[in-house]
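Chemist: Here you go, sequence then predicted model.
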Amino acid sequence: MSFIHGYDPDTLREEIDPRQCKERLDEIGEQRSLPALLERVWLLKVLDRLDDALVLSEQSVRLARMAGTRKDLLRARILHASVLQFRGAYAAADQELTTCAHEAEGQGWSAIAAFAYQHRGKTHYEAGDFDAARRDFKRALFLRQEAGASDDQLQSTLLAVDAADRRRARVAS
């Protein structure tokens, strides 16, 4: 079940049903598996409980480092960086996402690299650097196409490219 009902065309943030997300958060409870931790982090992030999301995201990175695969660790780090982005720590998020994107590309993990570029694009977008955001969204689109991503993922990236173009045009005029 997807909790994302769309993306805000101006902020590019996920549109969710808060009630649904809170119910799922209660369902997961205090489960300690890496997938449960990552899901809890995401739910806390979209519910704007950023302090809790940050603490749990740091925990998930530690758990992935100790007991997960390299792919698990990258996913956890990307999610942690997205929490930083939501908190307005753009430089820290950018640095972490850049490292993750390069590592994923170096390993040939297109889907994970695209995930990192998409979030780095959102970080640039929120920071007001629409040219860099557009470059990252275009890179994410290419990598998602290469990885055979779902139509929903491709659409979310195309929406992001369009939003960056609109903002660039607004700033230029």
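Modeler: Nice, thanks for sending it over.
Chemist: Only C-alpha atoms from now on, for both contacts and neighbour counts.
Modeler: Noted.
Chemist: Low-confidence ranges, the chain, go.
Modeler: Low-confidence segments of the chain (pLDDT under 70): 1.
Chemist: which non-adjacent residue is nearest the residue nearest the centre of it?
Modeler: With the centre of the chain defined as its mean C-alpha position, the nearest residue by CA atoms, centre = their mean is residue 119, 4.3 Å away. With sequence-adjacent residues excluded and distances taken as CA to CA, 6 or more residues apart in numbering, residue 119 is closest to residue 82, at 6.5 Å.
Chemist: quick one: contacts for the one you found?
Modeler: Contacts for residue 82 (CA atoms under 8 Å, 6 or more residues apart in numbering) come out as 93, 119, 123.
Chemist: on that earlier part again, which element, helix or strand, includes the residue nearest to the centre of the chain?
Modeler: For residue 119, the host element (DSSP states H and E) is helix 110-127.
Chemist: Would you mind pulling up the elements that that helix packs against?
Modeler: The helices and strands touching helix 110-127, judged by 3 or more CA pairs under 8 Å, 6 or more residues apart in numbering; DSSP states H and E, are helix 70-86, helix 90-107, helix 130-147.
Chemist: What residues of whichever helix in the chain runs longest count as buried?
Modeler: Ranked by residue count under DSSP state H, the longest helix found in the chain is helix 151-172. Neighbour-count burial for helix 151-172, counted by 16 or more other CA atoms under 10 Å, picks out 153-154, 156-161, 163-165, 167-168.
Chemist: tilt between it and helix 110-127?
Modeler: Using axes from the mean of the first three to the mean of the last three CA atoms, to 10 degrees, the direction of helix 151-172 lies 30 degrees away from that of helix 110-127.
Chemist: how close does the closest residue to residue 74 other than its chain neighbours sit to residue 72?
Modeler: Closest residue to residue 74 apart from its sequence neighbours, by CA to CA, 6+ apart: residue 100 at 6.1 Å. As judged by CA to CA, to the nearest Å, residue 100 and residue 72 stand 11 Å apart.
Chemist: Just want to know which of the two has more residues nearby.
Modeler: Neighbours around residue 100 and residue 72, counted as other CA atoms under 10 Å, are more numerous at residue 100. The numbers are 25 against 20.
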